[in-house]
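Participant: Could you look at this predicted model? Sequence included:
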Amino acid sequence: MTTIKFTFNGKAIELTTDPSRRFLDVLRNDLRHTGPKEGCGEGECGACAVLINGHIVNSCILPLANVHQQEVMTIEAFSKTKRYAIIEEAFIHEGSVQCGICIPGMIIATESLLNKNPDPTESEIRIGLSGNLCRCTGYNMIVKAVQRAKERGRGLW
Amino acid sequence: MVEHVIPKNLEEALKYLNAKPYKVIAGGTDLMVQHRAWSALSPNFKTPLLFCFNLNALKYIKVQNDEIAIGSMTDLETLLDHPLTPEILRKVISVMASPAIRKVSTLSGNIINASPAADSLLALYALDAKVVCRSLHTEREVLVSEMVLGPRKTQLKAHEIITEIRIPKTSFTHTTFVKVGGRLADAISKVAFVGCAQIVNNQVKDLRIVLNAVSATLIRQKAIESQWLNKAPNVLQSQMDTILEAYEAYIQPIDDQRSNKYYRKQTALNLIKQFINTL
Amino acid sequence: MSTINRSVPKVDAKDKISGKMLYVSDLHIDGMYYAKTVRSTISKGFIKSITLPELPEEVTVVDYRDIPGKNNVKMIFEDWPVFAEKAISHYGEPIMLVVGPNKAIVQDVVNEIDIQYTLAEPVFDMVNSVVDYHFTKGNPESAFKNAKRTIKYTYETGYQEQAYIEPQGFIGTIEGNKVHLTGSIQAPYYVKNAVVETLACDPSDVRIVQANVGGAFGGKEEFPSLIGCQLAVALKKVKKPIKLIYEREEDMEVTTKRHPAKITMEAAIDENHHISAIKAHVGIDGGAFTGLSSVVLSRAMIAATSAYTIAHLQVDGDVYLTNTVPNGAFRGFGAPQMIFAVEMFMNHIAKDLSKDLHAYRLNHLAKQHDLTTTSGTFRDPILMPQMIEKACEMSDYHHKKTLYERPGSYKGIGMSWFLHGCGFTGSGEAEHIKAKVKLRKDEQDNVHLMIAAVDMGQGAKTTLMKVAAEVLKRPLETIHFDNPDTDQVPDSGPTVASRTAMVVGGLVARAAKQIKDNWVDGKVQTVHESYKQPEYMSWDQATFTGDAYPAYSWGVNVVEVEVDKASYEVTVKNIWSVYDVGKSLDDNIVLGQADGGTAQGVAYGYLEVMRHKDGKIVNKNMTDYVIPTAVDMAKTETVLFDNPFALGPYGAKGAGELTLVGGAPAVATAIEMAINKRIYKIPATPEYLMELIHSDNN
């Protein structure tokens, strides 16, 4: 058992538990945040994505120990931001959402990408989303949504 | 229950390692998958882990004695964006896994995982990169290509941790990286290739060829490379069959869920040929 | 003309984007138990002995002996056990559930269970036929007798995994005798009927609720019935809430996939170089149990000439059982295999006859009033000539073809033409499904759609609510559509077979019309509608004669590729599509189906590889079973042609499957052009292309 301290969605928290546990399990079971989903359990699909220090990370293969003293943000908190509002509008407008299971991860990927590169080309967008698998949409409507978000959200990133 | 530890700093990490053979874990992208259990249960690690990913003392890229020195816990996404990262290494990293995985992957983790299909090792072999292995009382420098002994086998000793990767400064007129995977992004290589060459006054002054996923460890044959130095590129091109035959002896791929031996071998040879024809 | 096709924000988009939407694995019940499935580790044989460890308190083992009713998952044939008894038919076959409140303890028990087997010789080849169907059209024998020449080829297709991002799962509770299951499912009443048979209980003692579904694509049509039955048996024994969620590898190893197929086509060519007759044999690998394979086979056979009319036909088909994972429903349901074979065959015949591909195919294209493969009639207008022209124009097909046909270009452009029968095959709707819908207006004048249709991402909620709103001339916000609950809604059939918009939507429109016609403000009003077969339809299941479908949707795909000269890796550069889905009920939704379906269909043709070795799936996770990423997916351009179908709501026909079925031949014909070799099987992997390039075939 180890005490892990980190900033979770803006609040400092402490958990005393096995530090080798998957962060996804801690999020979903201990913290009851089910926005991050388990799709593959091996870092391949991105449905479990969260932001660590503003960058996308797959929580399903992230040991809890590695968030010690880091800043974690999940879709639950990100969805209360201005940037989110822009991304949400774009995803709705472009019809980018089908079954939805990959979408919280896609939103995290979008934020991470725009955070690093506020004006990505189409190819950069595709690379930015390449760790997030979607089986419903064929991605193009999601790519269009990211393009729309970057245009309408200029200055926010 | 196994007692895992998060050391506060490198000194503490070295002390822990000296006391017990902890398994050093960096980003965990390989280990967490290899040891995964039923969802919600702790991964099934039998040896205690030493969580070193957040050791800030091991996160840096700098120039040091004519070499690029990379702290062993520096993530690949940071390397991708860093101006000091050698070009061929950047090319390789740019198509490794995904942004999310790159953010928590490290070169040292790739080296210790010692996968025959590791892409970053292509560049590290080509660049004659070395690793610094430290224990509480010792420090040694080993070539990456010597560090790796076989799939998931290295010569890292029980009380050691990799602290740094050192890459000699080089200059090439030609650098090529080709990855052949199941798809264009986020794939494990069926076979991948790095070729580097320095051509001065129409003479090959430096030639480096590395292949992965076609034998138990990556293939780099300095003996073959040196035979073709100080020759004009068109000499190499005209003796293509000799070069390919020389490599063929070392290319011993397997059939697996991702590809087959025949394809891997032919493609590996095609990639060597394609590179030499561009010199 | 109606403007219903104008896109609206999807009704469930906000909850999905914000992560608030709960899927089955997100559901939590205090005090719930967890179930883990113990599976066979052999492909064929018998259980010799099972040794259980001493069971900790609160851990229960559930197996076939706990089944109160039939040890059979109710589908069409009775051959799929809920739990294996003695005989083992495939690797990963479920033998028992271990259930307990603590996952770690359950896992320990699972690890300590020792099962000994007597091994038998497994069968992996397609030799053991359990279903064989035949039908003819015209007089194929005489056409073959009079043929100037015959041309014959065999085509093969591999597995395809649905690869929904949300693995299968259920959560269940029990109160008294009543079992309540909530799961990721496409067909609530399939699960209900199966559970009722397994528990041998009163139907009112089984309640099935659809959880929000994280992708299905057919994979959650029949397979969830198996899990549902197992969980129901466990609930009866354990009497605690239980959650059963598959892990990814478990899901990929043991759930149903698209049937591998081997299709032999033989054509009789007459003196005008025209195809006078075709003999086709369609063999599909059903895996260990028949499941829905017979219906998959029917759809494949009926698509034997796809978008073409051939006067004389003999079509034979077999479902073969093998000691491998059972195969089942997957978007397209037999059609993708067949349409691949038909399109390649048309191209190969044209090449053998040195005919212009395009003109040769045009000469055989089906026209309105032609007879279908089953001697029914194409009653509605067929817009294919215009659609093909549009696709050629969008893609600059003819120009690119000339450029890319030059040897050594390593570029190719390919095209497929295809149809998809909308709704269940033959008399399925009228005799088996008998869909019912109920609409209820409450005192606030909100109208509730009480239907069993499942929104699994395809937008059923939004489109069906739009249909009701449009008929009622009421705002969309006043229409409600909750996830189906079998205690609340009648059986409007499974959400499969591209039937939801056309059939269920049609019933919703009629029911809405009833409400509108009898509207009284502030009064609770309930109306019912049930499916009536169009009067013109007649179908003889014994001879496969008549109208197999009430309507057909049509499509054209054009795919442009580049093949790497060193590695033979295929890069898909562009995809153009033209579809006739009758009338789009929401353009964004139909275009979303188009993009997603085409992505799956094209990837089926060149990218997605799944194999088994000695009966074990080797590509059993998302790393080793490769589906396209955003980088792999090409840009798409899609045009919809309006061609309203009289009996569909606002003219809508099926859209979901159509967009998948033509992808594989479009990409395969493009690759053929790029490498100047003929392709006989998919996926056309670089490994296969290398074989072709190093071979003499051209």
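Facilitator: Arrived safely.
Participant: how much space between C:Val581 and C:Leu591?
Facilitator: According to Cβ to Cβ, to the nearest Å, C:Val581 and C:Leu591 sit 11 Å apart. To be clear about C-beta, it is placed using only N, CA and C from the backbone, and glycine gets the same treatment.
Participant: out of these two, which sits in the busier spot?
Facilitator: C:Val581 (31 against 26; other Cβ atoms under 10 Å in any protein chain shown).
Participant: who touches that one in this structure?
Facilitator: When contacts are counted by Cβ atoms under 8 Å, 6 or more residues apart in numbering or on different chains, C:Val581 touches C:Ser553, C:Val590, C:Leu640, C:Ala652, C:Lys653, C:Gly654, C:Ala655, C:Leu658.
Participant: Quick check: bridge partners of the nearest residue to C:Lys635 once chain neighbours are set aside?
Facilitator: Nearest non-adjacent residue to C:Lys635, counting by Cβ to Cβ, 6 or more residues apart in numbering or on different chains: C:Asn574, 5.8 Å away. Beta-bridge partners for C:Asn574, by DSSP bridges, are C:Glu560, C:Lys635.
Participant: what sits in contact with each of C:Val581 and C:Leu591?
Facilitator: Common contact partners of C:Val581 and C:Leu591 (Cβ under 8 Å, 6+ apart): C:Leu640.
Participant: Surely C:Ser293 touches C:Ser129?
Facilitator: No: using Cβ atoms under 8 Å, C:Ser293 is not in contact with C:Ser129; the gap is 10.9 Å.
Participant: Pull up the overlap in contacts between these two.
Facilitator: Residues within reach of C:Ser293 and of C:Ser129 at once, by Cβ under 8 Å, 6+ apart, are C:Val319.
Participant: What about the residue nearest to C:Lys635, how many residues nearby?
Facilitator: 18.
Participant: what sits against it?
Facilitator: By Cβ under 8 Å, 6+ apart, the contact set of C:Asn574 is C:Ser395, C:Val558, C:Val559, C:Glu560, C:Ala634, C:Lys635, C:Thr636, C:Glu637.
Participant: cool, C:Thr198 as well?
Facilitator: C:Ile67, C:Pro68, C:Gly69, C:Lys70, C:Asn71, C:Asn72, C:Val73, C:Lys74, C:Val82, C:Cys229, C:Ala232, C:Val233.
Participant: what about it, which SS state?
Facilitator: State at C:Thr198, reduced to three classes by DSSP: H, G, I helix; E, B strand; the rest coil: helix.
Participant: okay, the closest residue to it other than its chain neighbours: pLDDT?
Facilitator: Excluding its sequence neighbours, the residue lying closest to C:Thr198 (Cβ to Cβ, 6+ apart) is C:Cys229, at 4.2 Å. C:Cys229 is assigned a predicted lDDT (pLDDT) of 98.
Participant: looking at it, C:Cys229 is touching C:Ala194, isn't it?
Facilitator: Yes: with contact defined as Cβ under 8 Å, C:Cys229 counts as touching C:Ala194 (5.4 Å).
Participant: So for these two, which residues contact both of them?
Facilitator: C:Val73.
Participant: Which stretches in the stretch 151-300 of chain C count as strands?
Facilitator: Secondary structure of the stretch 151-300 of chain C (DSSP state E, counting those that start in this stretch): strands at C:169-175, C:178-183, C:206-210, C:242-245, C:261-269, C:275-287.
Participant: Hmm, I typed the wrong one, I wanted the stretch 301-450 of chain C.
Facilitator: For the stretch 301-450 of chain C, applying DSSP E, counting those that start in this stretch gives strands covering C:312-321, C:411-421, C:436-441, C:447-450.
Participant: if you compare the ones you listed, which one is most tucked away?
Facilitator: For these, the largest average neighbour count (mean count of other Cβ atoms under 10 Å in any protein chain shown) is found in strand C:411-421, namely a mean of 28.
Participant: Neighbouring strands - and their directions - for the helix or strand bottoming out on mean pLDDT in chain C?
Facilitator: Among the helices and strands of chain C, strand C:539-540 carries the lowest confidence by mean pLDDT, DSSP states H and E, at a mean of 95. Strand pairing for strand C:539-540, determined by DSSP bridges: strand C:545-546 (antiparallel).
Participant: Which strands or helices does the longest strand anywhere in chain B pack on?
Facilitator: For chain B, the longest strand by residue count, based on DSSP state E, is strand B:189-200. Counting contacts by 3 or more Cβ pairs under 8 Å, 6 or more residues apart in numbering or on different chains; DSSP states H and E, strand B:189-200 packs against helix B:87-94, helix B:120-126, strand B:174-181, strand B:203-212, helix B:261-277.
Participant: Remind me what the longest one packs against, helices and strands.
Facilitator: Just to be clear, that refers to helix B:261-277. Using 3+ Cβ pairs under 8 Å, 6+ apart: helix B:261-277 touches strand B:174-181, strand B:189-200, strand B:203-212, helix B:233-238, helix B:240-248, helix C:686-693.
Participant: Count the residues that sit near the residue nearest to C:Met465 when sequence neighbours are not counted.
Facilitator: The shortest distance from C:Met465 to any non-neighbouring residue, by Cβ to Cβ, 6+ apart, is to C:Ile479 (4.3 Å). Using other Cβ under 10 Å, C:Ile479 has 24 other residues around it.
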